[in-house]
Structure formats: structure tokens, C-alpha cells
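> A predicted structure for the sequence below; I have some questions about it.
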Amino acid sequence: MRQTLVLLHRYLGLTTAVFLIVTGLTGAIISWDHELDEWLNPHLYKTTSSGEPLASIELAERLEESLPQVQISYFELVQEPGHTQYFWVEPRIDPATGQFFAVDYNQVFVDPTSGEIVGKREWGRVWPITTETLMSFLYKLHYSFHIPEFWGTDHWGIWLLGVIALVWTVDCFVGLAVTLPRRKKSTRKPSRTWWQRWKPAWMIKAGAGRARLTFDLHRAFSLWTWALLLTIAFTAFSLNLYREVFFPLMSLVSDVTPSPLEERTPNDHSNPITPSLSFRDIAAIGENQAAQIGWQQPLNSLWYAREWGIYRAEFFDASAGHGAGGVGHKALFFDGHSGEYLGDFIPWEGTAADLFVQAQFPVHSGRILGLPGRILISIMGVVIAMLSVTGVLIWLRKRRVAVSSRVDSRSPLPSTAV
């Protein structure tokens with residue numbers, strides 16, 4: 001049984017190694033994606049213009065007039081002094097061809113005072129990698145490996161890494177089992193306790209050679225960080241296969257409240273739904289609905305999910321950042337054609353299953369613990385990469401020894417004189 005587990009751990013680890021090295025190192029960096037992006041690109045984020053800024057919705061309307069090939073999908077209404085306003089955009093369908101307009105950007109940065117466009121970029125662009133695209137390149141690499149769209153979907157990379165995360169989750173348990181002490185053989189010597197026999201697995205032997213040090217680093221760091229490794233692995237699976245696997249499974253075992261996006265089947269990526277209502281219309285409808293249910297926070301962001309034909313209006317204070325523990329903000333959902341109120345989202349409210357589902361991204365990113373959590377996730381990203389590298393080195397060494405042994409066993413015996 002033990003040998004079976006060792007082989008299983010070996011091949012599960014080799015299957016995931018390259019992916020975990022890349023996602024571990026990128027995860028360590030993108031814990032600070034916004035801060036690093038702003039530091040690398042002050043020309044996009046900072047402005048020195050003075051005066052009364054234009055309302056964000058007016059900026060959005062002006063932007064769509066000046067760039068008719070694109071449709072705004074998301075922007076915030078809160079304006080930070082000394083900063084530009086950025087808008088997420090997506091290409092519209094060209095009536096002449098029935099295909100998307102060819103545009104090389106999906107973010108636009110605007111001076112909120114003058115309304116002037118100060119920069120555009122393609123978030124997540126593969127090549128060329130510049131200071132403008134570096135952080136988004138790493139972010140998208142982390143969760144999708146930049147696998148391109150084909151067969152009508154751009155989710156192949158997301159699904160692949162979701163499967164890798166599921167394999168990794170299983171391997172966490174297999175790896176733990178491999179470290180456990182072997183069954184005791186009958187002996188006349190005083191027997192050590194189970195813990196005394198397991199204790200060496202948690203330690204790094206002082207003065208050990210390179211091979212032993214590599215093995216000890218792999219085993220000891222895996223044990224000391226096992227709970228965190230399992231948590232990161234499982235949340236990676238749940239985030240990447242959320243709609244396809246995680247949400248349906250959770251719905252089987254507990255009561256999960258679906259959002260309007262889960263209740264509506266999306267259109268194909270190449271067939272987006274054009275809304276009848278504008279952002280200005282939804283802002284008015286959303287503020288009225290929020291007042292009726294007694295929400296005090298201001299409307300501060302608008303998002304249109306065009307594959308679903310649904311608007312999401314988020315309500316939060318300007319200082320809220322990623323929301324309560326990284327889970328997001330209060331939100332109201334509206335149909336893009338009728339303006340019908342479809343439901344709401346309130347952080348950290350709902351059934352036990354709802355809370356578990358909501359916790360996946362905050363836990364995976366470390367934001368549930370604030371700044372200390374983000375630091376911890378950065379450290380764990382390096383640890384994950386190290387564990388994968390040491391695992392491969394252990395396998396390579398054993399493989400070389402095995403190959404050498406086979407060669408030696410096949411070598412002819414030296415002839416002797418008679």
C-alpha cells in the first residue's frame with residue numbers, strides 16, 4: 001500500500017509541477033498587483049490636472065461616443081484625487097462583418113477633469129510584455145496560462161488549471177500519508193512512540209548532503225505548511241471550476257443561494273447581448289432600489305455582463321477597496337432590457353454554504369486577513385514553487401540511480417584468463 005501511495009504521489013506531483021511552479025511564483029507577485037501596476041505605470045494612473053472633475057457617467061458616455069468600436073463593461077463612480085479614471089471596455093460587433101471590431105485594448109484611462117484619453121492598453125496581453133502589460137500578463141498567466149480562445153470559448157486555460165488544482169488537492173492527502181511512520185515490526189528493543197517515529201519528517205537534518213537536504217526541504221516544508229497548501233489548492237479548484245463543478249456540488253450537499261448570473265444561461269462569447277438601458281438608466285434605477293431597501297452606502301461602480309444581459313450596481317464607500325475581507329461589495333442586479341430587479345448580493349450573509357462559497361477568493365488571495373494575509377500568500381507562493389522544484393529533483397535523482405543500476409546489471413562480467 002505504501003509503495004502504491006509513493007508512486008501515486010510521484011506521478012501526481014510530476015503532473016502538476018510545472019503548473020505549480022508558475023502559479024506559485026506568479027501568485028507571490030500578484031498579491032500586490034494593483035500597487036505594482038500603479039508604480040510601474042504612473043503615466044496611466046496619475047494626473048496633475050486641476051479643477052472640478054466630470055461625473056463618471058458623463059465620462060463614460062463621452063468615451064463611448066469617441067470610441068464607437070467598443071462598449072464599456074465596468075467602471076467606478078468614485079474618483080480618487082490626483083488619479084485618472086479607468087474604464088474596462090469590450091469590442092462591439094461590426095455590422096458589416098458580424099465579427100468583433102479589431103481593437104488592441106480593453107482598458108482606457110481618462111483624465112477626469114478634461115475628459116481626455118491619457119492611455120489605452122490590453123490587460124492580459126501576451127506579447128509584447130511592457131511595463132503597461134507586465135502585471136496583467138502575470139495575473140492572467142496565474143489563472144489561465146494564456147491558453148487562447150478556440151471552439152467558441154476562452155475558458156480552456158481556466159478549466160485546465162482547475163483540473164490541476166483538483167489533482168493537487170488530492171495529492172495533498174497522498175503526500176501527507178506518505179510521510180506517516182511505517183507500521184512497527186516486532187522487536188525486542190524499547191519501542192518509540194508513533195510521534196517519535198514521525199518527528200524526523202518534520203525536521204531538516206543539519207549538515208546533510210545535497211540529496212538529503214533536498215528531500216528534507218520537500219518533506220518538512222510540506223508538513224509545516226500542509227493546511228495552507230490544502231487550502232490554496234482547494235480554493236484554486238473552486239474558483240477555476242466554480243460554475244462547472246464547485247457550485248453544482250455545493251448545491252447538492254447544502255442550500256446555496258444562486259446569484260442572477262447562476263440562474264441565467266449565458267449567451268455564447270461571440271454573441272453578446274446589447275442592452276436597451278444605459279449605465280445612466282441603471283444608476284437611477286439602482287439608487288432608487290437601494291433607497292427602498294435601506295442601504296446607506298453610495299453607488300460606486302457599475303458593471304454590465306453582456307453574455308448574460310445583466311447589470312450589476314455596487315454600493316460601497318470610497319475607502320472600501322476589495323470590500324469586506326476581499327469578498328466584494330453589496331450589489332444589486334438588473335435586467336439590461338427591462339431594468340427588472342433580479343436580486344442582490346450582501347457580503348458575509350446567507351446560509352452556511354453561501355458563506356463558504358463567498359470565502360473562496362478572500363481565502364485564496366489572503367485578503368480575508370488583510371495585509372498579513374497577502375504577505376502570507378506571497379510567501380506561500382515561493383514555498384509552493386520550491387516544493388515542486390525539490391520534488392522534481394528528488395525524482396530525477398532516483399531515476400538516474402535506477403537507470404545506472406539497470407545499466408550496471410546488464411554489463412558483461414569481465415573475462416578472466418585461464
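Cool, the structure landed. Residues are numbered from 1 along each chain as shown.

> buried stuff in stretch 387-406?
Within stretch 387-406, the residues scored as buried using 16 or more other CB atoms under 10 Å are 387-394. In this view, the C-beta of every residue, glycine as well, is placed from N, C-alpha and C.

> let me see the mean pLDDT of stretch 202-211.
On average, the pLDDT along stretch 202-211 is 85.

> just give me the neighbour total for residue 330.
For residue 330, the neighbour count with other CB atoms under 10 Å is 21.

> so it sits right up against residue 317, yeah?
No: Residue 330 is beyond contact range of residue 317, at 10.6 Å (criterion: CB atoms under 8 Å).

> overlap in contacts, these two.
A shared contact of residue 330 and residue 317, defined by CB atoms under 8 Å, 6 or more residues apart in numbering, is any residue touching both; here these are residue 297.

> residue contacts, the residue nearest to the spatial centre of the chain?
Within the chain, the residue whose C-alpha comes closest to the C-alpha centroid is residue 143; the distance, by CA atoms, centre = their mean, is 5.1 Å. Shown in contact with residue 143 (CB under 8 Å, 6+ apart): 23, 157-158, 161, 239-240.

> name the SS class of it, please.
Secondary structure of residue 143, reduced to three states by DSSP: H, G, I helix; E, B strand; the rest coil: helix.

> now do the one 4 residues further on
Under three-state DSSP, residue 147 falls in the coil class.

> that one contacts residue 157, correct?
Yes: Residue 147 sits in contact with residue 157 when judged by CB under 8 Å, with a separation of 3.3 Å.

> so these two - more neighbours on which side?
Between residue 147 and residue 157, residue 157 has the larger neighbour count (other CB under 10 Å), namely 18 against 14.

> just confirm the more buried one is within a strand.
No: with three-state DSSP as the criterion, residue 157 is assigned helix and is not in a strand.

> now it: how far from residue 140?
Using CB to CB, to the nearest Å, we find residue 157 at a distance of 8 Å from residue 140.

> now the common contact residues for the two.
residue 146.

> check contacts around residue 13.
Residues near residue 13 by CB under 8 Å, 6+ apart: 171, 175, 388, 391-392, 395.

> specify which member of the contacts of residue 143 is nearest to residue 312.
residue 239 (18.3 Å; CB to CB).

> mean confidence for the helix or strand where the closest one lies?
In the assignment (DSSP states H and E), residue 239 maps to helix 226-240. Taken as a whole, helix 226-240 has a mean pLDDT of 96.

> tell me what the helix or strand that comes right after it is packed against?
Per DSSP H and E, helix 226-240 leads on to helix 247-253 as the next helix or strand towards the C-terminus. Applying 3 or more CB pairs under 8 Å, 6 or more residues apart in numbering; DSSP states H and E, we find helix 247-253 packed against helix 352-358.

> repeat the analysis, applying 6 Å as the threshold.
The elements that helix 247-253 packs onto, with contact taken as 3 or more CB pairs under 6 Å, 6 or more residues apart in numbering; DSSP states H and E, do not include any helix or strand.

> circling back: mark which of the buried residues of stretch 387-406 are part of helices, please.
Within the buried residues of stretch 387-406, membership in helices is found for 387-394, as judged by DSSP state H.

> in a markdown table, list these along with distance to residue 359 and pLDDT.
As requested, these are arranged in a markdown table below (distance: CB to CB, whole Å; pLDDT from 0 to 100):
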| residue | distance to residue 359 | pLDDT |
| --- | --- | --- |
| 387 | 24 | 97 |
| 388 | 26 | 96 |
| 389 | 30 | 96 |
| 390 | 30 | 95 |
| 391 | 29 | 94 |
| 392 | 32 | 94 |
| 393 | 35 | 94 |
| 394 | 34 | 92 |
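
> strands of the stretch 1-150 of the chain, start to end?
With DSSP state E, counting those that start in this stretch, the ranges of strands along the stretch 1-150 of the chain come out as 70-76, 85-91, 107-110, 117-121.

> the stretch 201-350 of the chain now?
299-305, 310-315, 330-335, 341-345.

> could you give the average pLDDT over stretch 155-170?
94.

> quick one: contacts of it?
Contact with stretch 155-170 is made by 12, 16, 19, 144-145, 147, 233-234, 236-237, 240-241, as judged by CB atoms under 6 Å, 6 or more residues apart in numbering.

> buried ones in it?
By neighbour count, and taking 16+ other CB under 10 Å as the criterion, the buried residues in stretch 155-170 are 155, 157-159, 161-169.

> okay, that stretch in PDB with CA atoms only?
Provided in PDB are the C-alpha atoms of stretch 155-170 (Å, rounded to 0.1, in the frame of the first residue of the first chain):
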ATOM      1  CA  HIS A 155     -12.100  29.200 -20.700                       C
ATOM      2  CA  TRP A 156      -9.800  26.300 -21.700                       C
ATOM      3  CA  GLY A 157      -6.800  27.600 -19.600                       C
ATOM      4  CA  ILE A 158      -9.100  28.300 -16.600                       C
ATOM      5  CA  TRP A 159     -10.600  24.800 -16.800                       C
ATOM      6  CA  LEU A 160      -7.100  23.200 -17.200                       C
ATOM      7  CA  LEU A 161      -5.800  24.900 -14.100                       C
ATOM      8  CA  GLY A 162      -9.000  24.000 -12.300                       C
ATOM      9  CA  VAL A 163      -8.300  20.300 -13.000                       C
ATOM     10  CA  ILE A 164      -4.600  20.800 -12.000                       C
ATOM     11  CA  ALA A 165      -5.800  22.300  -8.700                       C
ATOM     12  CA  LEU A 166      -8.100  19.300  -8.100                       C
ATOM     13  CA  VAL A 167      -5.200  16.900  -8.700                       C
ATOM     14  CA  TRP A 168      -3.100  19.000  -6.300                       C
ATOM     15  CA  THR A 169      -5.800  18.800  -3.700                       C
ATOM     16  CA  VAL A 170      -5.900  15.000  -3.900                       C
END
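
> that older thread, need the winner for burial among the strands of the stretch 1-150 of the chain.
strand 107-110 (a mean of 22; mean count of other CB atoms under 10 Å).

> what is that strand packed up against?
Packed against strand 107-110, as judged by 3+ CB pairs under 6 Å, 6+ apart, are the following elements: strand 85-91, strand 117-121.

> list the strands paired with it, with their directions.
strand 85-91 (antiparallel), strand 117-121 (antiparallel) (DSSP bridges).

> low-confidence regions, the chain specifically.
Of all residues in the chain, those with pLDDT under 70 make up the ranges 152, 184-190, 320-325, 405-418.

> how about the contacts made by residue 378?
The contact partners of residue 378, taken as CB under 6 Å, 6+ apart, are 28, 31.
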